[in-house]
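Peer 1: Whatever this is, show me its structure:
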Amino acid sequence: MSKRSRNRRRDDALTRVIAVVNDKGGVGKTSVAANLAGQFAGAGYRCLLIDLNRQANLADDLGFRGSDVDDRGAGLLGSVIAGTPLTPAVDVRPGLDVVCGGARLEDLTPVMVSRLQHHGREAFRVLGDVLAPVAVDYELVFVDCPPESTILTDLALAAARWVLMPTRSDVGGLVGMTLVADRFALAREINARLRLLGVVLFGTGTRSTAVHGEVRSAVEKAFGGNSPWFETTIRHAERSAQDARRLGKLAHELEIAAAAQPAWWEALRMDITAPRLSPTAAGVAGDYRALGVEVLTALQSAEENERDDDRRGAAGPA
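Peer 2: Numbering: from 1, shown residues only. As a prediction, the model looks like this:
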C-alpha cells in the first residue's frame, strides 16, 4: 500500500476524533468530554474517551479510579513507545470505552522530547497512528487534554479532526483559549484537516448576555471572524458538581438518581442519613443534552459540506 493510501485510511479513521482542549485548568474540559461521551453512549453511539491528563480526572467522573481497569496511563504510554494500537478499557459504561490517563503519563513528555529532536514536529503524529486502528470501531472519539502541557496538547491536536473548546468567562479561561489558538495554528502544519468545531461557555449564568458577548468577541479575535460558537452554555451548579465527583456519576445519571430519591420528609421518617442529591442535576443534564444535539448537528453539517466539496472537486470545472 502506498504512503498516500495509508494516510488516507488514517485520516478516514480519525474523522470523528474531537480534542476537548483549553490551556487553562478548571474550565470544564473533563466534565464536557465525560458527559458528552456518556450521553452519546447512552443514546446508542459507540464512544471512546482518551484521557491525556496525568491527574486522570476522568477516573473520578466515571467512578473507576483504583479499579481493575485503571492502569494509570500505562497502556497509553506503552502504545506510544511501541507504536502499537491502543487497548481501551471496555464498557466503563455501556457503549463507552476509555483509554486511561494517570501518573504514568509523566514519562510521556521526555519520550516525546527525544522524538522531537530526531523527527521534528512529525513526531506528534504518533497518537493518531496508534489511535487510527481502533478509532474505526467508534462513532465518536473524545480526547480530554490536560492544561498547561503543550507537548500532550500537540499530540492530541495532531490526531484530532476537530477541536471543541470549553472556556469560562474569566481572564484565565480566555488566556488559555488564546494559547490554544497558537497551538492550533502550529498543529495544522502537520494536520491540515484540523478544524474548530466550536467553543462552549462553561460554568456561567444562563442569562449573562453581556458576558457571553464579550467571550464571543474574544473567540473571534483568537480564531478569526465567524468562529463556530455553541449557543448552549453549561450552567454553574456547584452542589451537582460535588455530587458527581463524589459518586462517580455523570449529570444524566445524577438526574435519574435525584428523581428516584424519596422526598425529604420520607427520608426523615425512614431515618435515611445519606446526603441528598441536588435537584440542579436535572438542569445540568439538560444543558449537556442540548450541547450534544448542537455538537452532532455541527459534525453532520461539516461532513455534508465536505462531501459536497469532494463531489464538486471530482466533477472538475464546469
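
Peer 1: Which strands or helices does the longest helix anywhere in the chain pack on?
Peer 2: For the chain, the helix that runs over the most residues, judged by DSSP state H, is helix 281-315. Judged by 3 or more C-beta pairs under 8 Å, 6 or more residues apart in numbering; DSSP states H and E, the packing partners of helix 281-315 are helix 29-42, strand 162-167, strand 195-204, strand 234-235, helix 238-247, helix 251-260. To be clear about C-beta, it is placed using only N, CA and C from the backbone, and glycine gets the same treatment.

Peer 1: Buried deepest among those, which one?
Peer 2: Among the helices and strands packed on helix 281-315, judged by mean count of other C-beta atoms under 10 Å, the one packed with the most neighbours on average is strand 162-167 (a mean of 27).

Peer 1: what about the helices in the stretch 101-250 of the chain?
Peer 2: Secondary structure of the stretch 101-250 of the chain (DSSP state H, counting those that start in this stretch): helices at 108-119, 126-135, 150-159, 171-187, 209-223, 238-247.

Peer 1: can you put those helices in JSON lines and add mean pLDDT and distance to Thr84?
Peer 2: Shown next, in JSON lines, are the helices of the stretch 101-250 of the chain (pLDDT from 0 to 100; distance: least, C-beta to C-beta, whole Å):
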{"stretch": "helix 108-119", "mean pLDDT": "94", "distance to Thr84": "14"}
{"stretch": "helix 126-135", "mean pLDDT": "97", "distance to Thr84": "7"}
{"stretch": "helix 150-159", "mean pLDDT": "94", "distance to Thr84": "15"}
{"stretch": "helix 171-187", "mean pLDDT": "76", "distance to Thr84": "24"}
{"stretch": "helix 209-223", "mean pLDDT": "69", "distance to Thr84": "35"}
{"stretch": "helix 238-247", "mean pLDDT": "85", "distance to Thr84": "33"}
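
Peer 1: And the ones you listed: which comes nearest Arg9?
Peer 2: Closest to Arg9 of the helices of the stretch 101-250 of the chain, according to C-beta to C-beta: helix 126-135, at 7.5 Å.

Peer 1: quick one: that closest one to helix 150-159, angle?
Peer 2: Between the axes of helix 126-135 and helix 150-159, defined by axes from the mean of the first three to the mean of the last three C-alpha atoms, to 10 degrees, the angle is 50 degrees.

Peer 1: What is helix 126-135 packed up against?
Peer 2: Contacts defined by 3+ C-beta pairs under 8 Å, 6+ apart place helix 126-135 against helix 3-13, strand 17-20, strand 47-51, helix 74-82, helix 150-159.

Peer 1: Now do the buried residues in it.
Peer 2: For helix 126-135, a neighbour-count test (16 or more other C-beta atoms under 10 Å) marks 126-132, 134-135 as buried.

Peer 1: Which of these sits closest to Val92?
Peer 2: Distances from Val92 to those, taken by C-beta to C-beta, are shortest for Val134, at 15.0 Å.

Peer 1: Please verify my assumption that the closest one contacts Pro88.
Peer 2: Yes. Using C-beta atoms under 8 Å, Val134 makes contact with Pro88 at a distance of 6.8 Å.

Peer 1: Which neighbours do those two have in common?
Peer 2: Leu48 (C-beta atoms under 8 Å, 6 or more residues apart in numbering).

Peer 1: Helix, strand, or coil at Asp97?
Peer 2: Reduced to three states with DSSP: H, G, I helix; E, B strand; the rest coil, the structure at Asp97 is strand.

Peer 1: Ignoring the adjacent residues along the chain, who's closest to it?
Peer 2: Closest residue to Asp97 apart from its sequence neighbours, by C-beta to C-beta, 6 or more residues apart in numbering: Pro88 at 3.9 Å.

Peer 1: For the one you found, give me its contacts.
Peer 2: So Pro88 contacts 48, 97-99, 134 (C-beta under 8 Å, 6+ apart).

Peer 1: quick one: it and Leu196, what's the gap?
Peer 2: Counting by C-beta to C-beta, to the nearest Å, the separation of Pro88 from Leu196 is 26 Å.

Peer 1: my guess is Gly78 meets Thr84, correct?
Peer 2: Yes. Contact criterion C-beta under 8 Å: Gly78 and Thr84 qualify, at 7.4 Å.

Peer 1: quick one: pLDDT of the closest residue in space to Asp61 that isn't next to it in sequence?
Peer 2: Distances taken as C-beta to C-beta, 6+ apart put Ala34 closest to Asp61, at 4.3 Å, once the chain neighbours are dropped. At Ala34, the predicted lDDT confidence score is 97.

Peer 1: could you measure Ala34 against Gly198, distance?
Peer 2: In this view, Ala34 and Gly198 are 18 Å apart by C-beta to C-beta.

Peer 1: With Asp68 instead?
Peer 2: 36 Å.
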